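Visitor: below is the structure, and that's it, no one-letter string:
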């Protein structure tokens, strides 16, 4: 079995995990939640195995490189990271409701990678510009950041839903974590993501300086990553200095994630140096 | 000058930056004129949109942001400074008593015995400890990481370093490019965007340029062998590839592009064109055994291959054959029909006898008796190239790198470390002694509650 096949299967496992988590939210059966966790764990094992297999396969083809060099590979890495971060949060906070918001993001990402006709899942050799040790550091840190922002986005959506809860009325929303917990988690995830986005931008800048002789050249991807950084910097200042919390932070987190998505996908529509990410 | 203004500035820089990603930067004016029309072109030109990240108003926004960060930081740091650099940290018992989250348990020992047991443990987790007597027993106060309150200023300072470094690069550095044909040298480059000529003070000679490709045709490596010549003496030599530049006297030389020198086909000069209707001698070599056979044929006449390999026929003579976009000179095109397989096209360039090895077939076919030279397709070609070099100097780069390191450390401190204080109050009761553990932190209060609970559990289960 090739890594692409295994990763396609992983897509369905993530789909099943998302289904179980959502069913758990709707039908309030703890068994469904546990099934969700186990399925997600199983899926992440497939995801990691597929990632490693792909790495090995690239060496068999004589063009060995870490499988993070194009859109397909980055999407696979992205969804794996989202699930891992989510599972850590689930363990820490002992709450499976959040799974209904985090796992669908990973599932959709994987599904897009596996099914979209625009995305080529073949292993390609590295073009000269990508042959650098900075590749791994840059892509790993960026996507850790992106994944944390994705989870924060899920928390923000939950927070906003939670606000519609009517006290005393038994509803789905009563089973959500407390607003305060969601708010704090959102903030924690944003801080984690911000640190890694910063490291990602920095490693990218150092790499650019060693490859092109300029650490910053305002190409659209660079600029958009900076815009994303500014949005989250605004969120952090609003929180730490102005004491914003709750709804306003949730909205900022959502805007931030939109900027992440544009940095990731939208920029490929614009011309620039980062064109490797588009194929 | 306030945080509000900082946020407004951050968002306006973010907002205006979008424009520069939509409008391509630093293109030819004619291209802009075509794309936007006269009016919009003039408007954008006046506003500096075509090089907006270097325009006066964008730089002004950056400057404002810097000033704002500095002012806000100075404004706040004096208060923080007083908190951080205090000789004997004092603890306010009533503040701890007022905390809503408390961990309480009971013990049989009297307060003084408990103090002796607890103090080393609290000290182990929190470092600085201080014991105070209270009306009804005693209190062990402890705290750690007071200095982390300065973390945020580290981040702000790092941003200022980045901007200073950027400014230094802008004013004392340069970014240019130069194309050097193989075997030639230059002593000046052209500055990007302005087009000015800049003299380097030394010469760069391109000894050799090679480009190699993967089997799928994608570029694998661009390599230039460069020699630095100072006062007519070669002082340094290095092969540069895309991620491995040459650095000399603060000037960095990067592999950036390449191209072919305009020239007449070099092949024509070396060997006169074949008479395509004449007799052709083909060489067939068994890749495994090495056995080789020579067979004479003419265009269009199929020959039976040795060792039962099937049939081969030459169908076409091409004067200027192309392979992956490169002219490889004269070639024959043939069709190989293996005994047990589908026919396939085989290209036989006259100047590259090993060309067919790339096909990785069992039989290597070539045209015999051609005046050819050793040629490894991936490595060399008779085509003369020029190498395109990016040449930069940036004296501000060390400031920027220092800023990078500071920013990472600063962010870590600011986000994940906090000034933590705990209070273990030991209250003398009638039969038992009551222990109350409370704690606060300036950040991540939820995490602090977990740590307080952990400490309390530890003390209760001694």
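Guide: Here it is on my side, so go on. Predicted, not measured: the structure shown is a model, and the values here were computed from it. Residues are numbered from 1 along each chain as shown, chains lettered A, B, ... in the order given.
Visitor: give me the below-cutoff pLDDT ranges for chain A.
Guide: For chain A, applying pLDDT under 70 flags the ranges A:168-170, A:271-279.
Visitor: burial check on residue A:110, number of neighbours?
Guide: 27 (other CB atoms under 10 Å in any protein chain shown). (Glycine included, C-beta is placed from N, CA and C.)
Visitor: next, residue B:455: secondary structure please.
Guide: helix (DSSP: H, G, I helix; E, B strand; the rest coil).
Visitor: and residue A:26, by the same measure?
Guide: helix.
Visitor: what does stretch A:8-21 rub up against?
Guide: A:32-33, A:35-36, A:39-40, A:42-43, A:46-47, A:50, A:79, A:83, A:96, A:99-100, A:103-104, A:106-107, A:110-111, A:113-115 (CB atoms under 8 Å, 6 or more residues apart in numbering or on different chains).
Visitor: taking these, please make a ChimeraX selection of just the buried ones.
Guide: The buried subset of the contacts of stretch A:8-21, as determined by 16 or more other CB atoms under 10 Å in any protein chain shown, is captured in ChimeraX by this line:
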select /A:32,33,35,36,39,40,43,46,47,50,79,83,96,99,100,103,104,106,107,110,111,113,114
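Visitor: and the helix or strand harbouring residue B:30, what's buried?
Guide: Element membership for residue B:30, per DSSP states H and E: helix B:29-47. Neighbour-count burial for helix B:29-47, counted by 16+ other CB under 10 Å, picks out B:32, B:36, B:41, B:44.
Visitor: OK, contacts around the last one?
Guide: If I follow you right, that is residue B:44. Going by CB under 8 Å, 6+ apart, residue B:44 touches B:23, B:32, B:36, B:50.
Visitor: recalculate using a threshold of 10 Å.
Guide: The contact partners of residue B:44, by CB atoms under 10 Å, 6 or more residues apart in numbering or on different chains, come to B:19, B:23, B:32, B:36, B:50, B:52.
Visitor: now swap in the third one and tell me
Guide: The contact partners of residue B:41, by CB under 10 Å, 6+ apart, come to B:29, B:30, B:32, B:33, B:34, B:35, B:49, B:50.
Visitor: separation between the fourth one and chain A?
Guide: Distance of residue B:33 to chain A, computed by CB to the nearest CB, to the nearest Å: 18 Å.
Visitor: run through the residues that contact that residue.
Guide: By CB under 10 Å, 6+ apart, the contact set of residue B:33 is B:40, B:41, B:42, B:45.
Visitor: ok, back up a step: how far out from the middle of the chain is the helix holding residue B:30?
Guide: 33 Å (CA atoms, centre = their mean, to the nearest Å).
Visitor: cool, and stretch A:19-37?
Guide: Relative to the mean C-alpha coordinate of its chain, stretch A:19-37 is positioned 22 Å out (CA atoms, centre = their mean).
Visitor: stretch B:46-64 too?
Guide: Relative to its chain's centre, stretch B:46-64 lies at 26 Å (CA atoms, centre = their mean).
Visitor: domains for the chain, by residue range?
Guide: With no chain named, the answer covers chain A. Using automatic domain parsing, the domains assigned to chain A come out as A:1-126, A:131-279.
Visitor: chain B, not that one
Guide: B:3-77, B:86-145+B:418-460, B:156-264+B:384-404, B:272-367.
Visitor: what is the end-to-end distance of the shortest one?
Guide: Taking CA to CA, to the nearest Å, the span from the opening residue of domain B:3-77 to its closing residue is 14 Å.
Visitor: so what's the gap between the longest helix seen in chain A and the chain middle?
Guide: Ranked by number of residues, the top helix in chain A under DSSP state H is helix A:179-211. Centroid displacement of helix A:179-211 relative to its chain, using CA atoms, centre = their mean, is 12 Å.
Visitor: buried set for it?
Guide: For helix A:179-211, by 16+ other CB under 10 Å, it's A:179, A:181-211.
Visitor: how about the helices in the stretch 1-150 of chain A?
Guide: Ranges of helices in the stretch 1-150 of chain A, per DSSP state H, counting those that start in this stretch, are A:3-27, A:30-60, A:71-93, A:99-115, A:134-162.
Visitor: surely residue B:193 is in a helix?
Guide: No. With three-state DSSP as the criterion, residue B:193 is coil rather than part of a helix.
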